[in-house]
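In: Here is a sequence together with a model predicted from it:
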Amino acid sequence: MQHELDEIRAAGLYKTERVICSPQRAEIEVAGRKVLNFCANNYLGLSDNKRLVEAAKRAMDERGYGMSSVRFICGCQDMHKELEKAISNYFGTEDTILYAACFDANGGVFEPLFTEQDAIISDALNHASIIDGVRLCKAVRYRYANADMADLEECLKKAQAQRFRIICTDGVFSMDGNAAPLDKIVELAEKYDAMVMVDECHSAGVLGKTGRGITELYDLRGKVEILTGTLGKAFGGAVGGFTTGKKEIIDMLRQRSRPYLFSNSLPPAVVGAGIEMFKMLEESDALHDKLVENVEYFRTKMMAAGFDIKPTQSAICAVMLYDAKLSQDMAAKLQEEGVFVTGFYYPVVPKGQARIRVQVSAGHEREHLDRCIAAFVKVGKELGVLK
Ligand SMILES: *Cc1c(COP(=O)(O)O)cnc(C)c1O
C-alpha cells in the first residue's frame, strides 16, 4: 500500500484535506487566514443559517440526540414523517423516503426495483453513487454519452428486449454545470416505454423559476417517476438523502431498500432543521433569487474580463483553462490571493479540458463576488490567461 500511495503522490493525484477552522460559509478561516470560499455546495448559503441552527437545537431539546435504530424497528419519529411530507410537497411528488445520504439513496434505489429482466440506461457522466447503485443490481446496463439524445435513443431501441427500462441522469452535471435535457429525456421515455430517474443533488434549490429543481425548469413537476437528492448541498449542507416520487415505488423501497433497512435513522437535529429549511423555502424565494442574480453577475463580469466560461444553467461556473498544470497553478495562486477554489484536470474531466470550478452561493455578497473576480483577473494576467 505504501508503494501504491507513493505512486498516487508521484502522479500528482494524492488528495489532501484543507482544514477549515470556522463555520462553513462565504468567508472561512483556513490556516489562520480568512479566505473566500467558492468551492462549497452551499448554494443557498444555509450551512451557517441561524434559524436552522436554532431549529436543530430545539429538535435536540424536544426529541433527543440519536435514534439508535433503523427506521422500521424503532427509528421513526413524527418528525421523520413530517420531513418526508415537506420534501414531497416541495417537489410535487407523491411520497418520500429518507436515507442517511444521497449516496445511500442512489445505492438503494435500483436493486429493489429491477431484476435481470430489466434495463438501466445511464448517462456516462452520472455520479459515482448512481454507478455503484447500478452495480448492485442485476439489470442489463446501457450507457449513453453525456446528454446525447441520439445515443440515448439507440440504447432505448436495444433495451426494448427487456421487461422494464429506466433512464438515469444527474439533474446538473457537476463539472460543466449543464442541466440534463429532461424535456427530451421524458419524450423519449414515453416513446420507448421507459421510466425516468433524476438525481437532483446539484439541481434542487438551484434550477427552475423558484429553485424547485429540474422538474420545475422543464415544467415536469410530478411527472418523473423517481427523484433522488441530498440535504447536504443547497438544503442546509448537513447530511441526509432522500428518494421521492411515485408512491408505489417509495413503498417498495421501504420494504426492500438495503441502506434504508440496515442503516441508522437520521438524528433529530438534522430532521428538525430540515423541516425548518423547507418551511423557509416555502415562505420565500429570496435566497434562490439572490443565487440566480449572483451567478448572472459573476458570469457576466468574468466573461467581460476575457475568461472562457462554459455555458451553465446552474450555480457551477467552469472557468476553462484547458491545461492541467495551469489549472493547478492558478488555483494555488488564487488561494494566495484569499480565494478558495479547486482546479480539475484529467481524469476528473476529459483530457485537455482542465478548468477551475467556481460555485456561486446566495451566501456571497456583492463584495465577495467582486473580490473573487478581481483575484481571477490579477492571477489571470500573471499567468498569461488574460492579455
Ligand atoms: C453530492 C452528490 C451525491 C451524494 O450526496 P450525499 O448526500 O453527500 O451522499 C449524489 N449524487 C450527486 C449527483 C451528487 O452531486
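Out: Okay, I see it. Numbers count the residues shown, from 1 in each chain.

In: quick one: terminal-to-terminal distance for stretch 241-257?
Out: 13 Å (Cα to Cα, to the nearest Å).

In: and what of stretch 212-228?
Out: Distance across stretch 212-228, first residue to last, is 13 Å (Cα to Cα).

In: buried set for that stretch?
Out: By neighbour count on 16 or more other Cβ atoms under 10 Å, the buried set for stretch 212-228 is 212-218, 220-221, 224-228. Where C-beta positions appear, they are placed from N, C-alpha and C, glycine not excepted.

In: between those, which is closest to Y99?
Out: Closest approach between the buried residues of stretch 212-228 and Y99, by Cβ to Cβ: T228, at 8.6 Å.

In: List phi and psi for the closest one.
Out: Phi and psi for T228, reported as degrees, to the nearest 10, are phi -120, psi 160.

In: With adjacent residues omitted, what lies nearest to it?
Out: Nearest non-adjacent residue to T228, counting by Cβ to Cβ, 6 or more residues apart in numbering: A105, 4.4 Å away.

In: Does anything pack onto the helix or strand that neighbour falls within? Which helices or strands?
Out: Per DSSP states H and E, A105 falls inside helix 102-107. In this structure, helix 102-107 makes packing contacts with helix 128-135, strand 226-230, strand 241-245, helix 258-261, judged by 3 or more Cβ pairs under 8 Å, 6 or more residues apart in numbering; DSSP states H and E.

In: what's the closest of the ones you listed to L36?
Out: If you check each of these against L36 by Cβ to Cβ, strand 226-230 wins as the nearest, at 23.8 Å.

In: anything in the closest one sitting right up against the ligand?
Out: Yes. Against the ligand, strand 226-230 shows contacts by Cβ under 6 Å from any ligand atom at T230.

In: H3: helix or strand, and which one exactly?
Out: Per DSSP H and E, H3 falls inside helix 2-10.

In: Tell me which of the buried residues of stretch 212-228 fall in strands.
Out: Applying DSSP state E to the buried residues of stretch 212-228, the entries found in strands are I226, L227, T228.

In: out of the residues you listed, which one sits closest to the ligand?
Out: Of all these, the ligand sits closest to T228, with 7.2 Å by Cβ to the nearest ligand atom.

In: got the residues of the protein near the ligand?
Out: Contact residues, the chain versus the ligand (Cβ under 6 Å from any ligand atom): 101-103, 106, 127, 129, 170, 174, 199, 201-202, 230, 232, 241.

In: From the buried residues of stretch 212-228, pick the one nearest L281.
Out: For these, the minimum distance to L281 (Cβ to Cβ) is 8.6 Å, reached by R212.

In: contacting residues for the nearest residue to V349 once chain neighbours are set aside?
Out: Nearest residue to V349, sequence neighbours excluded (Cβ to Cβ, 6+ apart): M175, at 5.3 Å. By Cβ atoms under 8 Å, 6 or more residues apart in numbering, the contact list for M175 reads L125, I316, A318, F344, V348, V349, R355, R357.

In: quick one: pLDDT of the second one?
Out: Among the per-residue scores, I316 shows a pLDDT of 97.

In: Phi first, then psi, for the closest residue to it other than its chain neighbours.
Out: Using Cβ to Cβ, 6+ apart and skipping residues adjacent in sequence, the residue nearest I316 is G177, 3.2 Å away. The phi and psi values for G177, taken as degrees, to the nearest 10, are phi 80, psi 10.

In: Show the low-confidence segments of the stretch 1-150 of the chain, by residue range.
Out: Nowhere does the stretch 1-150 of the chain drop to pLDDT under 70.

In: do that again at 80, thanks
Out: Applying pLDDT under 80 to the stretch 1-150 of the chain flags residues 12.

In: what about the strands in it?
Out: Secondary structure of the stretch 1-150 of the chain (DSSP state E, counting those that start in this stretch): strands at 27-30, 33-37, 95-99, 119-123, 140-144.

In: Y322: which of those is closest?
Out: strand 119-123 (23.6 Å).

In: would you put the C-alpha positions of that closest one in PDB?
Out: Output of strand 119-123 as PDB, limited to C-alpha atoms (Å, rounded to 0.1, in the frame of the first residue of the first chain):
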ATOM      1  CA  ALA A 119     -32.600  -2.400 -18.300                       C
ATOM      2  CA  ILE A 120     -30.900   0.600 -16.700                       C
ATOM      3  CA  ILE A 121     -29.800   3.200 -19.200                       C
ATOM      4  CA  SER A 122     -27.400   5.600 -17.600                       C
ATOM      5  CA  ASP A 123     -25.700   8.900 -18.600                       C
END
